[in-house]
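Enquirer: Got a predicted structure plus its sequence, pasted below:
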Amino acid sequence: MKASATLVKTANFLGLGIFKTLKDLFTGKLEKEEFKNFLRKSIVPLASILLFIGLWHLGAKSLYNKEAEFKIEKALKDQGPEAAEALKLCMASGKSSCQPNTLPSPSQVWKSFNSLLKDHKIISADKAAFAEKTAVLNEQRAADGKTAIVYTGRPSFVDQIFRSLKTVFAGFLLALLIAVPLGIFIGLSPTLKSAFNWFIQIFKPVSPVVWYLLVFMIVKTLLIESNEDSSFTISFISVGLCSMWATLVNTAMGVSSVDKDYINVAKVLKLGTFQKIFKVVLPSSLPLIFTGLKITLSVAWMVLIAIELLAQSPGLGLFVWEEFQNGANDSNAKIIVAMFVIGIIGFLLDRLMLTIQNWVSFDKTDAI
Amino acid sequence: MAYLELNNIYKNYGKGDDETAVLSNINLKIEEGEFVAIVGFTGSGKTTLVNLINGLIKPTSGEVLFKGQPVIGTSHERGVIFQNYSLLPWLTVGQNILMAVKEAFPKKSKSELNEIVANYVEMVSLTPAIHKRPKELSGGMRQRVAVARALAMKPEMIIMDEPLGALDALTRGNLQDEILNIWGKDKRTALLITNDVDEGIYMADRIIPLRPGPNATLGPEFKIDLERPRDKTEMNDNPNFKKTRNAIIEYLMDIGNERKSEAKQEYILPDLQPKDFVNQFKFRI
């Protein structure tokens, strides 16, 4: 009983109040008003998801038919009636080589998702086998002072996700380390503010692609002597620089607009500069700083795809691009899978930030 | 030499044509151990006066002397209780007070500081709420925290800017007694700014009305000759109390009427006729 209470508390804290309602529903403790609320919060989203999938299915079907008709007609015109008939039969048989290339249906996407998971299992098994096989040899090499042999096979879809997360977090950390201190300085000093204002106004709207190119120019020269692959470095720096502006502006605003009463308190208590910043200014601007960090994280995740694609850094972005170039019959479905995975991870990251914000901040914001 | 002295204080806000004089020609002397109340209408410049005395702002001209020294900034010797509590919402009751105590006595050890905090929290009877945040407290409790914070620094003078303005009558009465108790214990000098004449009479030795701004200035002082400790119910029958109260209220009423009559200015409206749009339109065609 106690464990379940803790579970419910944690779920509420994470903004997943639905679990408590579910528990009440099964234990029969639900009031009528609560039940209505439960319906609104669970049945309505579920219905809208089903509606969305239904519309998607219909749309995909009509696109499929249009593409198929066009293909058959073209075959009829170019190669004659026999070829057209053969193509028709081939399509009806469901053979993958002659399927029209268009928006995949939900069931195809689901199939691709499963095949990607299967692929991941195979690759993981492969990796484990490889590690086992080379374990003794690597020990020998380590003893001889040589570098170990590592698995250089194709990364699986799940590996790509983790690579992307790593890039985003590295970029986010960079943004945090640059933007928060800089924002505090800018917010505190009007001189610094006017010194940096043009800089912020000009660089804020620059597109991720341009940031990538700029970082590429600099990092390429800086790392000219190393043989390591610099694509990860370039992509995480670009992500950080692209996404830090929201935090910078929000921090500066939060710091410069601290309630006058609090400043008066600091003055009357005669707090020193450091005390004033850490005990009064920062705590009171935390809500705004976190709003900035939340925007930064979601922007980082959004630009990541474009930057990975340009930098050829392994991850979801590169996965999407390679699937597009690949043009295999299930490529489109895999791209849609990646799209959903990106969206869901973005949502989870946002939730994560909200949880941290609720945890550290005195100003409890409701989950939006 | 008086303990606190204000000499020919003028305070203006704004610049050039927008300049408005908030306070003009303020002269005030407070002796050590005295309890003085300044009574005035809202918007008459009371908070400006308080901020001048505690050193948050500087006068345009004139000087504020505290123990013979000009006031150039804030000081731990003058504790302030703000009108709107001004507690830091991210700290608990104990932490709010501890922050002040730590600044006032930087040499004391942690356990000594905690003891001081506990004592003052006990004094305003908030011990059960010591780990609560201001948001979880009622208005009266918050104001008590603010009182405890100001007093825990052991200031030589307490400056109160309408400290009880936002409270209900019952809590107000209790807090008045608490403040008087503390003041009586070690006879610190106190300055109370209020808009409640009864509160002033009940608590202070002298009442000085502040004539409303712009150009606010202090009126003639009224001495309150009532024995301490004072009792509210008994006080109501005291002829001395009645006389003083009536005199002060009459004075304030007179100022109010004066202000009204001053505002009796005739505005001449320009002699304008509405334009005839229809005719104009026809003419154009």
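Expert: Done, it's in.
Enquirer: For the closest residue to chain B within the stretch 51-200 of chain A, give me its contacts.
Expert: At 16.7 Å from chain B, A:Ile184 is the closest residue in the stretch 51-200 of chain A, using C-beta to the nearest C-beta. Bear in mind the C-beta positions are built from the backbone N, C-alpha and C, glycine included. Residues in contact with A:Ile184 (C-beta atoms under 8 Å, 6 or more residues apart in numbering or on different chains) are A:251-252, A:255, A:277, A:281-282.
Enquirer: residues from chain A in reach of chain B?
Expert: Counting by C-beta under 8 Å from any C-beta of the partner chain, chain A comes close to chain B at A:261-262, A:264-265, A:267-271, A:275, A:279-280, A:283-284, A:286, A:361-363.
Enquirer: what about whichever strand or helix holds A:Phe347, distance to the chain center?
Expert: For A:Phe347, the enclosing helix or strand under DSSP states H and E is helix A:331-360. Centroid displacement of helix A:331-360 relative to its chain, using C-alpha atoms, centre = their mean, to the nearest Å, is 5 Å.
Enquirer: Output the contacting helices and strands for that helix.
Expert: On a contact count with 3 or more C-beta pairs under 8 Å, 6 or more residues apart in numbering or on different chains; DSSP states H and E, helix A:331-360 meets helix A:106-144, helix A:157-188, helix A:282-311, helix A:316-326.
Enquirer: please redo it, this time with the cut-off set to 6 Å
Expert: Counting by 3 or more C-beta pairs under 6 Å, 6 or more residues apart in numbering or on different chains; DSSP states H and E, the packing neighbours recorded for helix A:331-360 are helix A:106-144, helix A:282-311, helix A:316-326.
Enquirer: of all these, which gets the most neighbours per residue?
Expert: Of those, the one with the most neighbours on average (mean count of other C-beta atoms under 10 Å in any protein chain shown) is helix A:282-311, at a mean of 22.
Enquirer: give me the low-pLDDT residue ranges for chain B?
Expert: B:1, B:213, B:259-266, B:274-285 (pLDDT under 70).
Enquirer: tally of neighbours for the residue of it found nearest chain A?
Expert: Using C-beta to the nearest C-beta, B:Trp90 is the residue of chain B that sits closest to chain A, at 3.8 Å. Residues lying near B:Trp90 (other C-beta atoms under 10 Å in any protein chain shown) number 21.
Enquirer: same thing with A:Phe199?
Expert: Neighbours of A:Phe199 (other C-beta under 10 Å): 11.
Enquirer: tell me what the strand or helix carrying it is packed against?
Expert: Per DSSP H and E, A:Phe199 falls inside helix A:190-203. Under the contact definition 3+ C-beta pairs under 6 Å, 6+ apart, helix A:190-203 sits against helix A:157-188.
Enquirer: Swap in 8 Å and give it another go.
Expert: helix A:157-188, helix A:231-256.
Enquirer: To which secondary structure element is A:Leu51 assigned?
Expert: Judged by DSSP H and E, A:Leu51 forms part of helix A:44-79.
Enquirer: hmm, back to that, tabulate the helices and strands packed on helix A:331-360 (a markdown table), appending mean pLDDT.
Expert: Converted to a markdown table, those look like this (pLDDT from 0 to 100):
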| stretch | mean pLDDT |
| --- | --- |
| helix A:106-144 | 87 |
| helix A:282-311 | 88 |
| helix A:316-326 | 87 |
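Enquirer: CSV for these, including distance to A:Asn332?
Expert: Below are those laid out as CSV (distance: least, C-beta to C-beta, whole Å):
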stretch, distance to A:Asn332
helix A:106-144, 8
helix A:282-311, 17
helix A:316-326, 8
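Enquirer: In this model B:Lys135 seems to touch B:Val93, though I could be wrong.
Expert: No. Using C-beta atoms under 8 Å, B:Val93 is not in contact with B:Lys135; the gap is 11.2 Å.
Enquirer: any idea which helix or strand comes after the host helix or strand of B:Leu170?
Expert: Using DSSP H and E, B:Leu170 falls within helix B:169-186. Sequence order places strand B:189-194 as the next helix or strand after helix B:169-186, per DSSP H and E.
Enquirer: which outside residues touch that next one?
Expert: B:3-4, B:30-40, B:46-47, B:49-50, B:53, B:156-165, B:179, B:183, B:199-200, B:203-204.
Enquirer: Same question for stretch A:125-142.
Expert: So stretch A:125-142 is contacted by A:147-149, A:151, A:153 (C-beta under 8 Å, 6+ apart).
Enquirer: how does it look with 10 Å?
Expert: Applying C-beta atoms under 10 Å, 6 or more residues apart in numbering or on different chains, the set of residues contacting stretch A:125-142 from outside is A:146-156, A:159.
Enquirer: which of the helices and strands packed on helix A:190-203 is buried the deepest?
Expert: helix A:231-256 (a mean of 24).
Enquirer: How far does it sit from its chain's centre?
Expert: Taking mean C-alpha positions (C-alpha atoms, centre = their mean), helix A:231-256 and its chain are 16 Å apart.
Enquirer: If you count contacts, what does it end up packed against?
Expert: Helix A:231-256 sits against helix A:157-188, helix A:190-203, helix A:208-222, helix A:282-311, helix A:316-326, with contacts defined as 3 or more C-beta pairs under 10 Å, 6 or more residues apart in numbering or on different chains; DSSP states H and E.
Enquirer: now do 7 Å
Expert: helix A:157-188, helix A:190-203, helix A:208-222, helix A:282-311 (3 or more C-beta pairs under 7 Å, 6 or more residues apart in numbering or on different chains; DSSP states H and E).
Enquirer: in stretch B:125-142, what counts as buried?
Expert: B:126, B:129-130, B:133-134, B:137, B:140-142 (16 or more other C-beta atoms under 10 Å in any protein chain shown).
Enquirer: How about stretch B:154-174?
Expert: Within stretch B:154-174, judged by 16+ other C-beta under 10 Å, the buried ones are B:154-165, B:167, B:171-172.
Enquirer: B:Ile207 looks like it's in a helix, true?
Expert: No. B:Ile207 sits outside any helix when classified using DSSP: H, G, I helix; E, B strand; the rest coil, being strand.
Enquirer: so what's it up against?
Expert: When contacts are counted by C-beta atoms under 7 Å, 6 or more residues apart in numbering or on different chains, B:Ile207 touches B:37, B:39, B:200-201, B:221-222, B:224, B:248.
Enquirer: Cross these against helices and list the overlap.
Expert: B:200-201, B:248 (DSSP state H).
Enquirer: most neighbours, which of the residues you listed?
Expert: Neighbour-wise, the ones in helices among the contacts of B:Ile207 (other C-beta under 10 Å) top out at B:Gly200, 26 neighbours.
Enquirer: quick one: B:Ala129 from B:Arg144, how far?
Expert: Distance, B:Ala129 to B:Arg144, by C-beta to C-beta, to the nearest Å: 9 Å.
Enquirer: what sits against the residue most central in space within chain B?
Expert: The centroid of chain B falls nearest to B:Asp161 when counting by C-alpha atoms, centre = their mean (2.1 Å). For B:Asp161, the contact set (C-beta under 7 Å, 6+ apart) comprises B:47, B:50, B:81-83, B:193.
Enquirer: Now do the helices in the stretch 51-200 of chain B.
Expert: B:93-104, B:110-123, B:139-152, B:169-186, B:197-203 (DSSP state H, counting those that start in this stretch).
Enquirer: Need the ones you listed in TSV (columns: distance to chain A).
Expert: Listed next are the helices of the stretch 51-200 of chain B as TSV, based on distance: least, C-beta to the nearest C-beta, whole Å:
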stretch	distance to chain A
helix B:93-104	5
helix B:110-123	14
helix B:139-152	9
helix B:169-186	18
helix B:197-203	22
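Enquirer: Out of the ones you listed, which is the most enclosed?
Expert: helix B:139-152 (a mean of 24).
Enquirer: counting contacts, what elements does it pack onto?
Expert: strand B:78-81, helix B:93-104, helix B:110-123, helix B:169-186.
Enquirer: Which residues of the stretch 1-150 of chain B lie near chain A?
Expert: B:54, B:56, B:74, B:76, B:80, B:82, B:84, B:86, B:88-90, B:99-100, B:103, B:133 (C-beta under 7 Å from any C-beta of the partner chain).
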